[in-house]
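>>> below are the sequence and a predicted model for it; my questions follow.
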Amino acid sequence: MSILVVLAVGLGGAAGALLRALAGRLLSYDFPVATLVVNVSGSFLLAAIWFGLPAEAEFIRALVGAGFCGALTTFSTFILESVLLARTGHPGKAVLYLALTLSLCSLASWGGFYLMT
Amino acid sequence: MPQRFTAADILFISLGGTMGSLLRWWIGLGFMGNFPVPTILVNILGAAALGVLHASQHRLHPQGRYLYMVGFCGSFTTISLFSLETLQLFEAGRPWAALVNLFLPVGIAIVVVVLVIRVVEKSIERRRQ
């Protein structure tokens, strides 16, 4: 493992986190659309590069995969937003958000896989 | 249109994002098991940490939100790898393992986050009395 791979994960992680924060600013509604959008698109992109790039493309895999897609998508915010929706009197929206995220992200991963294999 | 990010906001988000991503990647490094335990662990731990931070937000510096919550916890935890690993279990002919991997971390994380928020809120209340 080279220092370049460490650098790639860190750099990609910073970029992913910034884009996620930007999405949060641009798409702020009373339903967590921003997190849903970044989670679905990040799941698609990770599956596409995972199956689309050769194993030797270590740097790009680390930069775009572990770094960018890993940081762009978030599990912690997804769970907190679901809990907060339920706690503020919107249990229906909480269940809808959980169901949409899990089904659309699975579908997006499958889409990336299907496209590249 | 909400207000723009300042240079300091951008710095804190990228710093947290870099640290969270590196720690997540390092925890998963070299893992060879047949069930994606590192991702499950990272996601539950990160969700619990975000719950604690959320409940004690009033004591957090405004930019601490960007460093710890948006940057670190947001990037430490991941859904892209989580759903890729679920797909891989499914493709490996292990649909039950895939379903467990999909629903178990979500269920555990919800219970843990509800509990930690309650504990932190209780302890803040007690300190006020």
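Received it, and whenever you're ready, just let me know what you need.

>>> and the lengthiest helix in chain B, what does it pack against?
For chain B, the helix with the greatest residue count under DSSP state H is helix B:95-128. On a contact count with 3 or more Cβ pairs under 8 Å, 6 or more residues apart in numbering or on different chains; DSSP states H and E, helix B:95-128 meets helix A:76-87, helix A:91-116, helix B:37-55, helix B:80-91. Using the backbone N, CA and C atoms, a C-beta is placed for each residue, glycine as well.

>>> doesn't A:Gly12 make contact with B:Thr18?
No - proximity of B:Thr18 to A:Gly12 does not meet the contact threshold set by Cβ atoms under 8 Å, at 9.1 Å.

>>> ok, for the residue positioned nearest the centre of chain B, nearest residue in space, not its chain neighbours?
The centroid of chain B falls nearest to B:Gly46 when counting by Cα atoms, centre = their mean (3.0 Å). With sequence-adjacent residues excluded and distances taken as Cβ to Cβ, 6 or more residues apart in numbering or on different chains, B:Gly46 is closest to B:Thr77, at 3.6 Å.

>>> give me the number of neighbouring residues for that neighbour.
Neighbourhood size, B:Thr77 [other Cβ atoms under 10 Å in any protein chain shown]: 31.

>>> follow-up on the earlier one: want to throw the helices and strands packed on helix B:95-128 into CSV with mean pLDDT and distance to B:Ser14?
Below are the helices and strands packed on helix B:95-128 laid out as CSV (pLDDT from 0 to 100; distance: least, Cβ to Cβ, whole Å):
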stretch, mean pLDDT, distance to B:Ser14
helix A:76-87, 98, 17
helix A:91-116, 98, 24
helix B:37-55, 98, 18
helix B:80-91, 98, 19
